[in-house]
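Colleague: Need a 3D model of the sequence below.
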Amino acid sequence: MFLKHKIFGKIFNVFTRFSIDDNLISFIIDSNESFSGNLEYIKNEFEKRGNFKFNFYYKDKLSVNSLKKLATSKYIFLNDNFFPFAFMNFNKKTLVIQLWHAPGAFKKFGGSVENASMLKMISQNTDYLIVTSKNIEDFYSEAFQIDKSKIRSLGLPRADYYFENHDVDELKKNFYKRYNLDSNKKIILYAPTFRENEKFNNVFNYLDLAKFNERLSDDYTLILRLHPKINKFYSSDIKIEGDYIDCSDYKNEQELMLLADILITDYSSIMIEFGLLNKPIVFFAYDLDNYLSNERGFYLNYKNDLPGPIVHTTEELIECIEKGVDTSNLDSFLKTQFDEIDGNSSKRVVDFALKEGEKNGEY
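Modeller: Residues are numbered from 1 along each chain as shown. Modelled structure (predicted):
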């Protein structure tokens, strides 16, 4: 694996001898993903600012032309780790900004749970890491093995979506029509996360769907959104016949959150983003003891710091929804995860990038 990254780095380094194009912006994208989220919002914001050109570099799809553009870009944005960074020598005029795909700090990751040597090498070539709050800078410094001087709390660009003028009524109307649903029912979005322990990934072994629907289906429609790893490797074993809508392949996850009235999750960071909508969240942690003992752990106290109630059984889950989900901790929780909640994250990031880019041009 390292050999492949080293070869990539050597090829890239040849192209860094060419002049930097001050109007060229590159985005590094996972090969199995569409261009969306943070990267799309940053591109859209740059388009408002001037005559910029864009290069889209897809991981694992080696294109010499795209690689040359990457090496001669003024700005490079990425949304995830890119291991060849450890072996790439960037032009000093290039500004590399890591946006990261997850908001806030919830589950531990990166250098907080695994060998950090490669992460340190990657971070040496990262100029700045963007986070959502100063409160979580220490966690991200550890996770990325990056000095805190390189961290900036500017927000989550894709979260600007929730502050746009969406016609939610029209979106709901189309959604209900698409799936032939009763428009008088509210929507519950169930979004469980991936477990390393495979037996706990079969969520319907723990959620009694028949009982759930017997008690709640008069008022609610249940939508399932599996984690991509579960959907890819376990979906054929997990998905059962029953009264729910499988939206695991639904293209726009943010739209699902916009449509949902309640979120049920467990250990997924989706809850941080959903919290921006000020709607109820229930944590269905049917395997909590095992997760706390055997998975990667949390940056916060799971039992005390969450913005919604924790339940462990289907009966507890049903009762929680029937009584009305307590949201009294939501505001205080969001304040620990976001410095600004205003829909201007993309603007702040691009303002910052342009300012720093001018400094980089002074070499």
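Colleague: What residues sit buried inside the helix or strand containing Leu67?
Modeller: Taking DSSP states H and E as the definition, one finds Leu67 inside helix 64-71. Within helix 64-71, the residues scored as buried using 16 or more other C-beta atoms under 10 Å are Leu67, Lys68, Lys69, Leu70, Ala71. All C-beta atoms are positioned from the backbone trio N, CA, C, and that covers glycine.
Colleague: From Leu39, how far off is the second one?
Modeller: Between Lys68 and Leu39 the computed distance is 20 Å (C-beta to C-beta, to the nearest Å).
Colleague: what's the answer for the third one, then?
Modeller: Between Lys69 and Leu39 the computed distance is 15 Å (C-beta to C-beta).
Colleague: got the CA coordinates for the helix holding Leu67 in CSV?
Modeller: Provided in CSV are the C-alpha atoms of helix 64-71 (Å, rounded to 0.1, in the frame of the first residue of the first chain):
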residue,chain,number,x,y,z
VAL,A,64,-1.9,12.4,-15.6
ASN,A,65,-3.7,15.6,-16.7
SER,A,66,-5.7,15.9,-13.5
LEU,A,67,-2.6,15.1,-11.4
LYS,A,68,-0.6,17.9,-13.1
LYS,A,69,-3.5,20.3,-12.4
LEU,A,70,-3.5,19.1,-8.8
ALA,A,71,0.3,19.9,-8.5
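Colleague: And the following helix or strand past it, what does it pack against?
Modeller: The helix or strand immediately downstream of helix 64-71 is strand 73-78, counting by DSSP H and E. Applying 3 or more C-beta pairs under 8 Å, 6 or more residues apart in numbering; DSSP states H and E, one finds that strand 73-78 contacts strand 21-29, helix 37-47, strand 95-98, helix 345-360.
Colleague: buried ones in stretch 252-259?
Modeller: For stretch 252-259, the neighbour count (16+ other C-beta under 10 Å) marks Glu253, Gln254, Glu255, Leu256, Met257, Leu258, Leu259 as buried.
Colleague: tell me the mean pLDDT for it?
Modeller: Stretch 252-259 shows a mean pLDDT of 96.
Colleague: who's in contact with it?
Modeller: 158, 161-162, 166, 168, 171-172, 175, 187, 189, 223, 225, 247, 250, 263, 270, 273-274, 277 (C-beta atoms under 8 Å, 6 or more residues apart in numbering).
Colleague: Any idea which helix or strand in this protein has the lowest mean pLDDT?
Modeller: Sorting the helices and strands of the chain by mean pLDDT, DSSP states H and E puts helix 235-238 at the bottom, at a mean of 54.
Colleague: doesn't Ile188 fall inside a strand?
Modeller: Yes: counting by DSSP: H, G, I helix; E, B strand; the rest coil, Ile188 is part of a strand.
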